[in-house]
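**Q** Whatever this is, show me its structure:
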Amino acid sequence: MIRAIDMTDAKTHALVAAPRKMEMSAPEVVSPTEWENLVIDRSSDEVRVGTWVCEPYTDEIVGYEYDEFMYMIEGSVELIYPDGVVDRFGPGQAFILPKGFTGTWKQPEKVVKFMAMIR
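**A** Take a look at the predicted model:
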């Protein structure tokens, strides 16, 4: 029988997954630990839905590969665009990081979020 998946407590849900080190844009960028628990994870990697917890980090993103919807539960992020404009998102805010995004992801604290990614 197929049942609904309760993701109400995103932090607990994400931490069920095994921790792993994130792949960064360059070897000199410090790799944070992340936990990603996917409730929809197709073998084709076209659609991913789940919860994510990650330690603080900053990295450059060039040509992001997904359209990603994010709902922030805990922590905050700054998206810094090549023209210097900055968007900030924190708890209770939702946003979409569009496919092709280029800029800096700056996460000064641990983040907990719901996410849905479509390639």
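
**Q** Flag the shaky bits of the chain, pLDDT-wise.
**A** The chain contains residues with pLDDT under 70 at 10-15, 41-44.

**Q** residue contacts, the residue most central in space within the chain?
**A** Nearest to the mean C-alpha position of the chain, by C-alpha atoms, centre = their mean, lies residue 52 at 6.0 Å. Contact analysis of residue 52 by C-beta atoms under 8 Å, 6 or more residues apart in numbering lists 14, 34, 35, 36, 37, 111, 112, 113, 114, 115. Every residue, glycine included, has its C-beta placed from N, CA and C.

**Q** give me that answer again for 7 Å
**A** 14, 34, 36, 113, 115 (C-beta atoms under 7 Å, 6 or more residues apart in numbering).

**Q** how near is the last one to residue 73?
**A** When C-beta to C-beta, to the nearest Å is the yardstick, residue 115 and residue 73 sit 11 Å from each other.

**Q** now the fourth one
**A** Shown here: residue 113 relative to residue 73, a distance of 6 Å by C-beta to C-beta.

**Q** Those two: who's more crowded?
**A** Between residue 113 and residue 73, counted using other C-beta atoms under 10 Å, residue 113 has the larger neighbour count: 25 against 19.

**Q** name the helices or strands packed onto the helix or strand that contains the more buried one?
**A** Using DSSP states H and E, residue 113 falls within strand 111-118. In this structure, strand 111-118 makes packing contacts with helix 10-15, strand 47-54, strand 67-74, judged by 3 or more C-beta pairs under 7 Å, 6 or more residues apart in numbering; DSSP states H and E.

**Q** For it, which residues meet the burial criterion?
**A** The neighbour-count check on strand 111-118 (16 or more other C-beta atoms under 10 Å) flags 111, 112, 113, 114, 115, 116, 117 as buried.

**Q** could you give the angle of that strand to strand 47-54?
**A** Going by axes from the mean of the first three to the mean of the last three C-alpha atoms, to 10 degrees, strand 111-118 is angled at 160 degrees with respect to strand 47-54.
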